[in-house]
Every structure is written in C-alpha cells, then in structure tokens.
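Q: What follows is a predicted structure for the sequence shown.
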Amino acid sequence: ETILKEKIQLGISACMFGCKVRYNKKGWNMADLFGREQTYFTWHPVCPETMSGMGIPRSPIRVVGDSGADVLTKNAVIKNREGKDVTESLLAGCNSCMDTLKRAGVYAYVYMEGSPSCGVYRTTLKNKRLGKPPGVFGAMLLEEGFFLIPAADLQSPVRRWDWRRRLHAFAWLKEVEINTKNDLFEMWHIIKFLCQEIDEIKAREIGKKIADSPKGFDRDFTESIRNDAL
C-alpha cells in the first residue's frame, strides 16, 4: 500500500474550471464531475489567451505554419480572425501561465483539447479536423514533461477513474525516494502492472533493464528508470 501525504497540485485550462474565458465567453466546470473527490486536489486554473491581454470576448486565433510547437522556435505564427499577428502576445501569456504552474509545483494538467493554445492532439474543434497540433501552450506542457489529462475524458466515469489512478501513481513515482537497489526493485514491483496496462512492450523493456543492471546502486541509472516509468 502506498500513501500520498499531500494534495496533488493540479493545473487546468481555466475554461474547464468554470471560468468563462473562451473567446466566445463560454466555459464548463469539468472539476465538478469529480464530486467530493475534487477536494483531493489543489486546482490551478490558467488561461494563456486571457493572460496574453487579448480580453474576453476576443477574435479566435489560429496557428499559421506547421504546428504550435513551431511557434516556440519562431517557425510559425499565431493570427486572429482579422489576420493580425498576435504571436508575441500569446507567447507572453503562455510563459506567464507556465511560470505560475511552476511556482505552485504543478506537474499535471487538465487541458482543453481543440484549442490553438492549450490543445495537445487537436487545435480546432471544427468537424473532425485536427488543426495543427500541438497548440502553443500544449507544446510547452509536452516539452516540460507534464502529466496531461484531456478534459473531455472527465465526462466518462470510467475514464475519470482511470486517469485519477494513473495520476496518483505518477505523483507517487515522481516523489518517492529511491536510495538503494532494493528501493528500485520495490518501486518497480509497485508500479509495473500499471505500466504494463499502458504499454506492455515498454514495461517489459524497463523490467529487463532492471534485471540486467549491474550489482550496486547507480543513481543515474535509477533516475533513468524512473523517467522511463513516468
């Protein structure tokens, strides 16, 4: 049995926390779907687009280029419906939100899919198009290694349960102290079955690495195993 002693600091796109901050003044409270269990987390709602200074309501924005990730390397830009370049404003908003999350010790985030800022696998909600993923803030979250939960999945009780258990396992694994070879074996014994559910081939590769590791405790090797499991 493993116990988390502190609440998980959980970031969330503000429009998914009930804040009416979307370009069209809309928002939905996905946190309420947890019921009493929402008190298990400390929530940190952020919105890159409002922090950019574009206001509410505002002209919708889009990625002009290959992806939002390319905006970070100055190989793409963000424009609004009128064709105005708002790249620098959005980047300022994204950086402000990321700074806020880091100050709070947040490493997990519930994101609004289909957004050119927060989207990860889609940057548009039009029809079944993907847009140009990831979004700009989504690219930052991926780059920083955040545990990412699509807000839409919280509408399903089964998926909500599954994401919650993965998140708690992630939080435990990120913080657990591993100072001996026995600690490493114990960590893998606790986490391996969940890893196998997610990616059996990868999990077996990790298990083989541990089994074939040389005698003695190697800190760098241990942290690489932790990162693989995370």
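A: Noted; the coordinates are in hand.

Q: Which positions in stretch 87-101 come out as buried?
A: Residues 87, 89, 90, 91, 93, 94, 97, 98, 101 are the ones in stretch 87-101 that count as buried (16 or more other CB atoms under 10 Å). All C-beta spots, glycine's among them, are computed from the backbone N, C-alpha and C.

Q: Three-state assignment for the spatially most central residue of the chain, please.
A: Nearest to the mean C-alpha position of the chain, counting by CA atoms, centre = their mean, stands residue 148 at 2.6 Å. Assigned with DSSP: H, G, I helix; E, B strand; the rest coil, residue 148 falls in the strand class.

Q: And for the one 4 residues further on?
A: Judged by three-state DSSP, the three-state class of residue 152 is helix.

Q: Return the backbone torsion pair for residue 78.
A: Backbone torsions of residue 78, given as degrees, to the nearest 10, read phi -110, psi 130.

Q: Tally up the residues packed near it, please.
A: By the measure other CB atoms under 10 Å, the count of residues near residue 78 is 25.

Q: Likewise for residue 62?
A: That count, for residue 62 with other CB under 10 Å as the rule, works out to 14.

Q: For it, give me its contacts.
A: If you count contacts by CB atoms under 8 Å, 6 or more residues apart in numbering, residue 62 has them with 78, 79, 80, 81, 116, 123, 124, 131.

Q: what sits against the residue nearest to the centre of the chain?
A: 108, 109, 111, 120, 141, 142.

Q: Neighbour count and distance to residue 166 for these - can I get that in JSON lines?
A: Output for the contacts of residue 148, formatted as JSON lines (neighbours: other CB atoms under 10 Å; distance: CB to CB, whole Å):
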{"residue": "108", "neighbour count": "23", "distance to residue 166": "10"}
{"residue": "109", "neighbour count": "24", "distance to residue 166": "14"}
{"residue": "111", "neighbour count": "26", "distance to residue 166": "15"}
{"residue": "120", "neighbour count": "23", "distance to residue 166": "16"}
{"residue": "141", "neighbour count": "24", "distance to residue 166": "16"}
{"residue": "142", "neighbour count": "15", "distance to residue 166": "17"}
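
Q: of those residues, closest to residue 176?
A: Ranked by distance to residue 176 (CB to CB), these are led by residue 108 at 15.9 Å.

Q: Inside strands: which ones of the contacts of residue 148?
A: Secondary structure defined by DSSP state E assigns 108, 109, 111 of the contacts of residue 148 to strands.

Q: now, which of the residues you listed sits nearest residue 20?
A: Using CB to CB, the ones in strands among the contacts of residue 148 come closest to residue 20 at residue 111, 17.8 Å.
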